Each structure stands twice: as structure tokens, then as C-alpha cells.
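*Asks:* Take a look and give me a structure for this.
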Amino acid sequence: MTTAEQESADVRTPTAGATAAEDDTWWTHLGEDGPEGGLALTRLHELLVRASRHQVWRLRGLLPGADADQIDDLAQQAADDALMSVLRKLPTFEGRSRFTTWAYKFAVLQAGVTVRSQAWRDREVPLPDSVALPDAGPSPAQMSEATQLARAVRDAIATELTPHQRRVVLALVVEGVPIDVLADRLGSSRNALYKALHDARQRLRQALVVNGYLDESPSRSTS
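*Replies:* Model (predicted):
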């Protein structure tokens, strides 16, 4: 699970003791002037601070050396940013969940953004122009084995398959022709081509087993 997925999954409402009626009413005063509006704003901020602090502490492994004061400061920053996001998105709240649960998500996600930003603040962000691939070339022995196997497969295709099976295998597997296109060109059907491909694979496998390139399947070796 990624960090973002963990953050999204870890959404818990920290107001379990509050009644549903309270959760359904207090937030409706957000944006109002007067005591009720101010109280609702304070309550929302406190909720977001708790959520942010919880999440920042969960992610503190990304901040080696950070002390409790620094973590708390980050939590406050995240809560302030989350507060602005909640207020902007308030008209979109449809009441499908408790408001506290809905708002809590903003703080959790914002805390993750804040922590990662802090973790990368003094680190160089690499912006390469090309991808550097490791040298994973095969050894001479591996090259020899692969060459021998390729020759064995080629010979098996030439000698063990019927002309129709050979055309189907080469078209579908080697040339990458879509099976619908091949069926139309051959005047056949998808099922018929799947059957031909299945039979061809069985013949090729058996030829490779006989010549020692593949092991016998357990079901056959024990029969």
C-alpha cells in the first residue's frame, strides 16, 4: 500500500463522543458572522489540528531528527491549509457522510503533503534527461543456452506443427496479429484459432521435453 493510500484509508473521526445531531448542525454555521460562526470555525480548526497531528506523527519516519515541536508546527501548518480547503469546498458537501469524517480527510491528505514537502525541502530533486539502465546483459553461458533453445523452438515449429498451426502460431505470437484480424483473413473464428494455438503449444512443449529443453510436467511424470 502506498503512502497516499495509507493516508486515505486512515480516516477516522475524532469526535466519536459527539452525537449525530451535533455533527449535523454545528458546521452549518461556518461562514456566518457572530458567535455561532466563530465557534463553528474554532471547532473545525481543532478537529483539523487533531487529525493533522495524528497523521504527521504517523509519517514522522520521513522526518529523521524532527523533534516534537517541529512535528507539532507541521501539524499546525497542515491544519491551517486544510481549513482553507474545507471552507472552499464546503458548498460541495452533500451530507453522504458525517461532516467530521468528510473534513477529517482534508487534514489527513494535507498532512501528507506537508510532511513530504518538508522531507524534500533540502534535497536535490533529480531531473535526468535520460534513463540510466544497469548493465544486465546475459553471460556467455546464458547466451549459448538461449541460442540453443531458440533453435530448438524454431526446429519444432518447422517439423512438429501442421501448416495451419504454423501459420497461426507465427501470426499471433511472432507477428502480433490481432486474433480477430487473423480470423477474418483466414475465414475462421476466434475459437478455432484458439484451439489451433492451444494444440500447437502442446506439440511444441512435448518436442522440447523430448529433447531435454523442458522438464516433464509433474502430472505426466507421476503417471
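*Asks:* how about the nearest residue to Val173, chain neighbours excluded?
*Replies:* In space, and not counting its chain neighbours, Val173 is closest to Leu197: 7.8 Å by CB to CB, 6 or more residues apart in numbering. Placement of C-beta: from N, CA and C, glycine included.
*Asks:* Tell me which residues are up against whichever helix or strand that neighbour is part of.
*Replies:* Following DSSP states H and E, one finds Leu197 within helix 190-210. By CB atoms under 8 Å, 6 or more residues apart in numbering, the residues outside helix 190-210 that reach it are 149, 152-153, 156-157, 159-161, 164-166, 168-169, 172-173, 179-180, 182-183, 186, 214-216.
*Asks:* State which helix of this structure is the longest.
*Replies:* helix 35-58 (DSSP state H).
*Asks:* so what secondary structure elements neighbour that one?
*Replies:* Here helix 35-58 touches helix 68-89, helix 99-119, going by 3 or more CB pairs under 8 Å, 6 or more residues apart in numbering; DSSP states H and E.
*Asks:* which one of those is the most hemmed in?
*Replies:* helix 99-119 (a mean of 21; mean count of other CB atoms under 10 Å).
*Asks:* now the angle between helix 190-210 and the helix or strand that that one is followed by, please.
*Replies:* Following helix 99-119 in sequence order, the next helix or strand is helix 140-160 (DSSP H and E). When axes from the mean of the first three to the mean of the last three CA atoms, to 10 degrees is applied, the directions of helix 140-160 and helix 190-210 differ by 120 degrees.
*Asks:* How about helix 140-160, which residues are buried there?
*Replies:* Within helix 140-160, the residues that count as buried by 16 or more other CB atoms under 10 Å are Ala152, Ala156, Ile157, Glu160.
*Asks:* Put the alpha carbons of the helix or strand just after that helix into PDB.
*Replies:* Counting by DSSP H and E, the next helix or strand C-terminal to helix 140-160 is helix 163-169. Taking Å, rounded to 0.1, in the frame of the first residue of the first chain, the C-alpha atoms of helix 163-169 are listed here in PDB:
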ATOM      1  CA  PRO A 163       0.900 -25.900 -41.900                       C
ATOM      2  CA  HIS A 164      -2.200 -24.400 -40.400                       C
ATOM      3  CA  GLN A 165      -0.900 -24.500 -36.800                       C
ATOM      4  CA  ARG A 166       2.400 -23.000 -38.000                       C
ATOM      5  CA  ARG A 167       0.700 -20.000 -39.700                       C
ATOM      6  CA  VAL A 168      -1.500 -19.400 -36.600                       C
ATOM      7  CA  VAL A 169       1.500 -19.500 -34.200                       C
END
